[in-house]
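Colleague: based on what follows, work out the 3D shape:
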Amino acid sequence: ASLSTPPPSSVVISCGSAFDDRLSWLCSLRAEGGAPLLRVEEIGPADSPQYAVVCGGGLSLYLCRDAPAVPLSLRLPAGSTLPP
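Modeller: Numbers count the residues shown, from 1 in each chain. So this is what the prediction gives:
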């Protein structure tokens with residue numbers, strides 16, 4: 001089943017041309033100890049992604065490419081590691 005619309009209780013983040021960079025950045029966030037904070041639950045379509053559902057720690061983010069990028073701010077757990 002396709003998630004062309006956001007799943008219930010998710011935060012929708014319009015990414016526009018920053019989609020690939022934002023997805024990569026979110027997936028590179030690490031918890032204390034090095035475990036990933038977020039993981040990709042679904043992405044589609046596979047040949048040219050237009051959306052991705054990224055989840056972790058009780059948070060569900062629906063990233064979409066179809067609208068201009070909006071600012072993104074996340075409050076991360078203490079001890080999280082940010083990518084360079």
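Colleague: centroid-wise, who is the farthest residue in this structure?
Modeller: residue 33 (20.7 Å; C-alpha atoms, centre = their mean).
Colleague: on the three-state scheme, it is what?
Modeller: Per DSSP: H, G, I helix; E, B strand; the rest coil, the local secondary structure of residue 33 is coil.
Colleague: how close does it sit to residue 79?
Modeller: 8 Å (C-beta to C-beta, to the nearest Å). Quick note: C-beta positions are derived from backbone N, CA and C, even for glycine.
Colleague: mind listing the helices for this protein?
Modeller: Along the chain, the stretches classed as helices by DSSP state H are 19-28.
Colleague: tell me the contacts of the residue sitting nearest the centre point of the chain?
Modeller: Residue closest to the average C-alpha location in the chain (C-alpha atoms, centre = their mean): residue 54, at 4.2 Å. Contacts for residue 54 (C-beta atoms under 8 Å, 6 or more residues apart in numbering) come out as 23, 26-27, 38-41, 60-61, 63.
Colleague: next step: the residues you listed restricted to strands.
Modeller: The strands, defined by DSSP state E, take in 39-41, 60-61, 63 from the contacts of residue 54.
Colleague: tabulate these (a markdown table), appending neighbour count and pLDDT.
Modeller: Below are the ones in strands among the contacts of residue 54 laid out as a markdown table (neighbours: other C-beta atoms under 10 Å; pLDDT from 0 to 100):
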| residue | neighbour count | pLDDT |
| --- | --- | --- |
| 39 | 11 | 95 |
| 40 | 16 | 96 |
| 41 | 16 | 94 |
| 60 | 17 | 92 |
| 61 | 21 | 93 |
| 63 | 26 | 95 |
